[in-house]
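**Q** A predicted structure for the sequence below; I have some questions about it.
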Number of protein chains: 2
Amino acid sequence: MNQIDLIYIQSIIGDKERVLYGENINEEYSHDELSGTESYPDVVVRVTSAEEISAIMKYAYDNNIPVTPRGAGTGLVGSSVAMEHGIMLETGLMNHVLELDEDNLTITVEPGVLLMDLAAYVEERDLFYPPDPGEKSATIGGNISTNAGGMRAVKYGVTRDYVRGLEVVLPNGTITTFGGKVVKNSTGYALKDLMVGSEGTLGIITKAVLKLLPLPQKAISLLIPFPSLEQAIRTVPLIIKSKSIPTAIEFMQREVIMDAEKYLGKKFPDNSADAYLLLKFDGNSVEEIEKSYERVAGICLEQGAIDILISDTEEREESIWKARGAFLEAIKGSTTYMDEVDVVVPRSSVNEMVEYIHNLHEKVDIRIKSFGHAGDGNLHAYILKDDLSNEEWELKMKAAMDNIYEKARELNGQVSGEHGIGYAKKSYLLESMDPVVVELMKGIKEAFDPKNILNPHKVFK
Amino acid sequence: MNQIDLIYIQSIIGDKERVLYGENINEEYSHDELSGTESYPDVVVRVTSAEEISAIMKYAYDNNIPVTPRGAGTGLVGSSVAMEHGIMLETGLMNHVLELDEDNLTITVEPGVLLMDLAAYVEERDLFYPPDPGEKSATIGGNISTNAGGMRAVKYGVTRDYVRGLEVVLPNGTITTFGGKVVKNSTGYALKDLMVGSEGTLGIITKAVLKLLPLPQKAISLLIPFPSLEQAIRTVPLIIKSKSIPTAIEFMQREVIMDAEKYLGKKFPDNSADAYLLLKFDGNSVEEIEKSYERVAGICLEQGAIDILISDTEEREESIWKARGAFLEAIKGSTTYMDEVDVVVPRSSVNEMVEYIHNLHEKVDIRIKSFGHAGDGNLHAYILKDDLSNEEWELKMKAAMDNIYEKARELNGQVSGEHGIGYAKKSYLLESMDPVVVELMKGIKEAFDPKNILNPHKVFK
């Protein structure tokens, strides 16, 4: 990019404070939440409308300038890092709720609205946006771009299931829409669904119509200590098979809980057992929920659970889930540096996958902590650098990852359940995926972005 | 196609009875459920495996022979009609359940399994496949290809939401898979979702992994007579906004009910009112369901409902829904010929759309009957030929359709909610869709099928 490009972009935007270049670009813009992937953009534009994005994309397209879209930068795989420099379009100022449509149970938002703000907005109005990834300060545009999952996927599904329609700026600057407020749609190819999870490589989301549900009246969580990880995990398929569908089924081990206690400076309700299941049930009446959880509590006790700790006040409920939400940050705080794995396996193989990760240190001498969504097969493993030298770290981290991804493949799993592929996991996608499928993805990318200017070097390319 | 092609195909298949040509091709293979789109294939192959399909596709690809996949031929828009003749691959013999995986709550089936057989198979085992289109003798492959919706979409969503993974033969004959048994997936572009609803233009589905739920223990339906259509439809948004989520919300008018009574030779529980809402509630306890439907019954009575007829025996339940399922056939039986419209509008606009269709005969003098899924905005209107001459029919039918699709567009609706576009609705898709979006679809088609040999002339091309 040269001075002329910068002047042109400045002329589109007007407001000088929204165009950052040179030393005005904060270091944060050079990486995401895990700083392994690093690269500075030439210019950061804090966009405020689809029209601005369109004008910039048109210019970038005509002049072959790479463009990287970015929300809050909370990703873990480098999707929002400007690998080829160029223009970064940051959507943080596009943070407005545009419409709440109570007749259609939809909310229309700009992409920069934060997940926590969206959740609070609808819950105040007795409505419910179910997707609930751990990172509440992510933008909704980012959540859509990675098809974020979260803890409530067992009962409610993932982000994709709540996206009805999208306004998108295509790589050549054209503004168009996919889907709409309609509940059913069999009109042509599912471009809305293709956009979801495409990690900013096919178009830039400028507006999203999201589906809402009525807010469940009541939620109760059960924290269930088990004598061993194996017993905890082995109980999960039995819960899935029972007639009760919990909202969430998480597993965690004592050491992660203790990290979270330290990080938050607060005690968890219990940290005496080796392993825990954390279950949530929601519904519209206490009786209905009680009936569900009593059945599940019975199953857990039969499988050797030590106790059933019921959290039936809002306070306790919040404290448990706050601790759960802090796991990533807590683990991060317990080491010098880390990298993550986000594999997903069929639910019936969670046990085998978790055991494998748990025992991997016997094969690769490196500290690994894991927790995750036992109920949907999506496991998060964090590989910790501690006081390893950079060389040792690179070697051992790679060995650990290679092993985990290979095991996931063996179990018919996938590389990413919810974090996406971005830049950091590209090689693992390419290793695990049928090359024919990769070719189809390249063809689709070509149809949307023939010049490959939008978020280059991501996902598979 | 020439004699050599035929000999080669015969050599792949072996069994002579599964390769039909010339006079052995039954007339049924020249059209689907609505015979407006007509064309004979040169050869019909009753395939039994992905390997057979792959071998035939490879040959077709190398020799530029058009191929049309077909399930049970119950479509309404000509998707499974061989517009350019060539090879028809009929999947009716691929009707096996391959695996029921109770740990993962999935079932793996061949594409030719009929919806009714799938439903019966899982329900016998206390499991539940929620998608429930009116046409129970459609194949599951067909359902996936049109992203079929059905009556339970209000609570449970559509076919897409229950497809976890697909085995697909690509146009060049390669066999590959999209997705799998995993619950979450953020690994590359959503090709599984792209296949769903692509009407056999991107690949041929040879295996599907479907998500199941535990079978709800109990279902109760309410048949609610209203003095007018307007009052019935106006009640729907109030139901949606209440905390109760019915499984289904259908609307129907007396004249359609009377057609169904005549067709089935059985009385409907009530036919005295002008218009009806038919609601279904399901759950795991009578009390839970009662609480839901009492709230909704109260809303309906406040809005002027004449009565609330509760069907709480399995017999009554079946008789009502059997009548509902027979509407299409009943209307078909009441006229000489007909064509259909399957628009979907935002739920808040159902009232306006239904009223518009109801009064359209004042503008275009032709008989139109409608019913549909009031709860999800998907309306079916049937335009009847009766004793019109072919010329009058063409003119008036087209005028009626043009008006309905224009109105749907005005209400931010889409051309098809669940039947698909096929051949018959292509012009309406092209009229209503942003040309930029059509270009993207063409690009995707090109990536999958550069020679355009798979199901040509369908959807948009």
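**A** That came through, no problem.
**Q** SS state for the residue sitting nearest the centre point of chain A?
**A** Nearest to the mean C-alpha position of chain A, by CA atoms, centre = their mean, lies A:Ala148 at 3.9 Å. Judged by DSSP: H, G, I helix; E, B strand; the rest coil, the three-state class of A:Ala148 is coil.
**Q** Next, count neighbours for the nearest residue to it once chain neighbours are set aside.
**A** Using CB to CB, 6 or more residues apart in numbering or on different chains and skipping the chain neighbours, the partner closest in space to A:Ala148 is A:Pro133 (4.4 Å). For every residue, glycine as well, the C-beta is placed using N, CA and C. A:Pro133 is flanked by 22 other residues according to other CB atoms under 10 Å in any protein chain shown.
**Q** Does A:Pro133 touch A:Asn143 like I think?
**A** Yes - the pair A:Pro133 and A:Asn143 qualifies as a contact (CB atoms under 8 Å) at a distance of 6.6 Å.
**Q** quick one: common contacting residues for those two?
**A** A:Leu115 (CB atoms under 8 Å, 6 or more residues apart in numbering or on different chains).
**Q** And stretch A:264-273, what's buried?
**A** A:264, A:268, A:270, A:273 (16 or more other CB atoms under 10 Å in any protein chain shown).
**Q** what about the helix or strand containing A:Tyr382, near chain B?
**A** Secondary structure here is read from DSSP states H and E; on that basis A:Tyr382 sits in strand A:378-384. Yes - counting by CB under 8 Å from any CB of the partner chain, chain B is contacted by strand A:378-384 at A:Asn378.
**Q** Counting by contacts, list what the next helix-or-strand element following that strand packs against.
**A** Scanning forward in sequence from strand A:378-384 by DSSP H and E, the next helix or strand is helix A:390-410. Judged by 3 or more CB pairs under 8 Å, 6 or more residues apart in numbering or on different chains; DSSP states H and E, the packing partners of helix A:390-410 are strand A:338-341, helix A:350-359, strand A:378-384, helix A:426-432.
**Q** mind running it again at 10 Å?
**A** Using 3 or more CB pairs under 10 Å, 6 or more residues apart in numbering or on different chains; DSSP states H and E as the contact criterion, the elements in contact with helix A:390-410 are strand A:338-341, helix A:350-359, strand A:367-373, strand A:378-384, helix A:426-432.
**Q** could you redo the ones you listed as TSV and give each row mean pLDDT, distance to A:Ser186 and mean neighbour count?
**A** Below are the helices and strands packed on helix A:390-410 laid out as TSV (pLDDT from 0 to 100; distance: least, CB to CB, whole Å; neighbours: other CB atoms under 10 Å in any protein chain shown):
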stretch	mean pLDDT	distance to A:Ser186	mean neighbour count
strand A:338-341	94	37	21
helix A:350-359	93	34	20
strand A:367-373	91	31	23
strand A:378-384	94	29	24
helix A:426-432	95	30	18
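**Q** With respect to chain B, which of the buried residues of stretch A:264-273 is nearest?
**A** A:Ala273 (25.1 Å; CB to the nearest CB).
**Q** Looks like the closest one contacts A:Phe226 (just checking).
**A** Yes - using CB atoms under 10 Å, A:Ala273 is in contact with A:Phe226, at 6.2 Å.
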